[in-house]
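**Student:** pasting the sequence and the predicted model now:
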Amino acid sequence: MGKTRTPDERLALLLQRVESTLTQVTREGIFPHAAPSATGIWEGTREGMWTSGFWAGLLWQRAAVTGKAEDAATATTWTLRLSPHLDHQTHDIGFVFSSSAVLGWEICRDPACRDLALRAADRLAGMANPAVGVIPVGSQAEIAAGLDDVTIDCMGNLPLLWWAWKTTGEGRFLEVAVSHADRTAAWHVKEDGRIIQSTHFDPRTGRVTKQETHQGSGTDGCWARGQAWGVYGFAAAYRATGEERFLEVADRTAAYYFRRAGDDPVPFYCFDDAAKPNIPRDSSAAAITCAGLMILAEHAQDPIRRQRSRDRAEALLSAMVTGYLTPLDENDRRPRGMLLHGCYNKNAGWHTDHELVWGDYFLLEVLRAWSRLR
Ligand code: GLY
């Protein structure tokens, strides 16, 4: 375990990491996706993927902290590079633009970012299946076979629609997002707060044909990051709408997370893999969950839920910064401020002990929220 750091030291370390990442990815012209915990050297692609908005979002968050015009300009450049993703027919468009263009508007009132974010929101809302009231993943093969599926991950896409509704006042954004959140709560969240990742359904009738997990163990393991998207997504739904039913789901799914995570609240990638403890942890699941709890700690009207969320968030934050950041040891040659030990996809063998760009993004969001709360 590393030593406890002050909030300002933690923030400074994360900003140092944004800086070292920027140096590498500018040289190579890639969007960072994942870096091995052992080296801190980013892997990524020139065109970007579902995670690339989080990189622009790290730059926007840096600009918010420093207030420097040149940092905002760098964030704008990387955000506009994401424009081709507008043409991708997938719910991931929400991840890409809510973490980048929305922040560009909210933090710096950049009109190009507002325009990009609204076009993306329009696309995302247009992907909804009106008969069933959900935004499907959009796999062409399934659609051709008369089936479709929706995943818990999509709760992390809805902030784009909440923002578009607040910004334009257009009810269609709200309607799609509320309907999707309600359907997700009904299909994916069990009574005890456990979340199942994926639901397949008939796109004409909404009849459920199968439920499964893709990224947990087996077909019904509880994938920790899926649980995290649920906590975060329902917390964001509550913040946007003030609807108590979303607060209740966020609180219930967070309670499940803590019951299953054990002594170290940075969880294994799946709560149900029998090979524990010889399996990867996923620090990004901790960061996402913590960001959701911070939303509740700032916005929950119910004082008991607000305090409970704050206590849980503090426990998670403390575990991440003491045990999962690059140790401050002069013999450790890795970049400072890496959030180590994330797992992208254990089943596919992708990036199973890595720093993940979205883990860094949510941890920075948490640290900024924490400095507002204290
Ligand atoms: N597709 C989102 C995730 O892997 O968390």
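**Tutor:** It's in.

**Student:** please report how far the residue of the chain most remote from its centre lies from Arg17.
**Tutor:** What lies farthest from the middle of the chain is Asn331; by Cα atoms, centre = their mean that is 32.4 Å. Going from Asn331 to Arg17 by Cβ to Cβ, to the nearest Å gives 19 Å. C-beta here means a position set from N, CA and C on the backbone, and glycine is covered the same way.

**Student:** now do stretch 351-364: distance from first to last residue.
**Tutor:** 21 Å (Cα to Cα, to the nearest Å).

**Student:** oh, I was asking about stretch 137-150
**Tutor:** Stretch 137-150 end-to-end distance (Cα to Cα) = 5 Å.

**Student:** list the buried residues for it?
**Tutor:** 137-138, 142, 147-150 (16 or more other Cβ atoms under 10 Å).

**Student:** shaky segments in the stretch 201-350 of the chain?
**Tutor:** Filtered on pLDDT under 70, the stretch 201-350 of the chain yields no residues whatsoever.

**Student:** which residue ranges form the helices in it?
**Tutor:** Along the stretch 201-350 of the chain, counting by DSSP state H, counting those that start in this stretch, helices occupy 224-241, 244-261, 283-299, 303-323.

**Student:** just the stretch 1-150 of the chain next, same as before
**Tutor:** 7-28, 52-66, 69-80, 93-98, 101-108, 111-126, 140-144.

**Student:** deepest-packed of those helices, please.
**Tutor:** helix 93-98 (a mean of 28; mean count of other Cβ atoms under 10 Å).

**Student:** how about the CA coordinates for it, as CSV?
**Tutor:** Taking C-alpha atoms only, helix 93-98 is exported to CSV below (Å, rounded to 0.1, in the frame of the first residue of the first chain):
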residue,chain,number,x,y,z
ILE,A,93,-21.6,7.7,-29.3
GLY,A,94,-22.8,8.7,-25.8
PHE,A,95,-19.6,7.8,-24.2
VAL,A,96,-17.5,9.5,-26.9
PHE,A,97,-19.3,12.9,-26.8
SER,A,98,-20.6,13.3,-23.3
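
**Student:** tell me the mean pLDDT for it?
**Tutor:** In this model, helix 93-98 has a mean pLDDT of 97.

**Student:** output the contacting helices and strands for that helix.
**Tutor:** Counting contacts by 3 or more Cβ pairs under 8 Å, 6 or more residues apart in numbering; DSSP states H and E, helix 93-98 packs against helix 52-66, helix 111-126, helix 159-168.

**Student:** dump the shortest one to PDB, restricted to CA.
**Tutor:** This file holds the C-alpha atoms of helix 159-168, laid out as PDB (Å, rounded to 0.1, in the frame of the first residue of the first chain):
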ATOM      1  CA  PRO A 159     -25.600  11.800 -19.800                       C
ATOM      2  CA  LEU A 160     -25.400  13.000 -23.400                       C
ATOM      3  CA  LEU A 161     -29.200  13.000 -23.500                       C
ATOM      4  CA  TRP A 162     -29.700  14.500 -20.100                       C
ATOM      5  CA  TRP A 163     -27.400  17.300 -21.100                       C
ATOM      6  CA  ALA A 164     -29.100  17.900 -24.500                       C
ATOM      7  CA  TRP A 165     -32.500  18.100 -22.800                       C
ATOM      8  CA  LYS A 166     -31.200  20.600 -20.200                       C
ATOM      9  CA  THR A 167     -29.400  22.600 -22.900                       C
ATOM     10  CA  THR A 168     -32.200  22.800 -25.500                       C
END
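
**Student:** so after that helix, what's the next helix or strand?
**Tutor:** Toward the C-terminus, helix 159-168 is succeeded by helix 171-188 as the next helix or strand (DSSP states H and E).

**Student:** show me what that next one is packed up against.
**Tutor:** helix 111-126, strand 148-151, helix 159-168, helix 224-241, helix 244-261.

**Student:** nearest to Trp358, out of those?
**Tutor:** helix 224-241 (9.4 Å; Cβ to Cβ).

**Student:** how much does the closest one deviate in direction from helix 283-299?
**Tutor:** Orientation of helix 224-241 against helix 283-299 (axes from the mean of the first three to the mean of the last three Cα atoms, to 10 degrees) gives an angle of 20 degrees.

**Student:** what's helix 224-241 packed up against?
**Tutor:** Where contact means 3+ Cβ pairs under 8 Å, 6+ apart, helix 224-241 is packed against helix 159-168, helix 171-188, helix 244-261, helix 283-299.

**Student:** need the contact list for His85.
**Tutor:** 48, 52-53, 93, 96-97, 120 (Cβ atoms under 8 Å, 6 or more residues apart in numbering).

**Student:** out of these, which comes closest to Ala286?
**Tutor:** Gly53 (20.3 Å).
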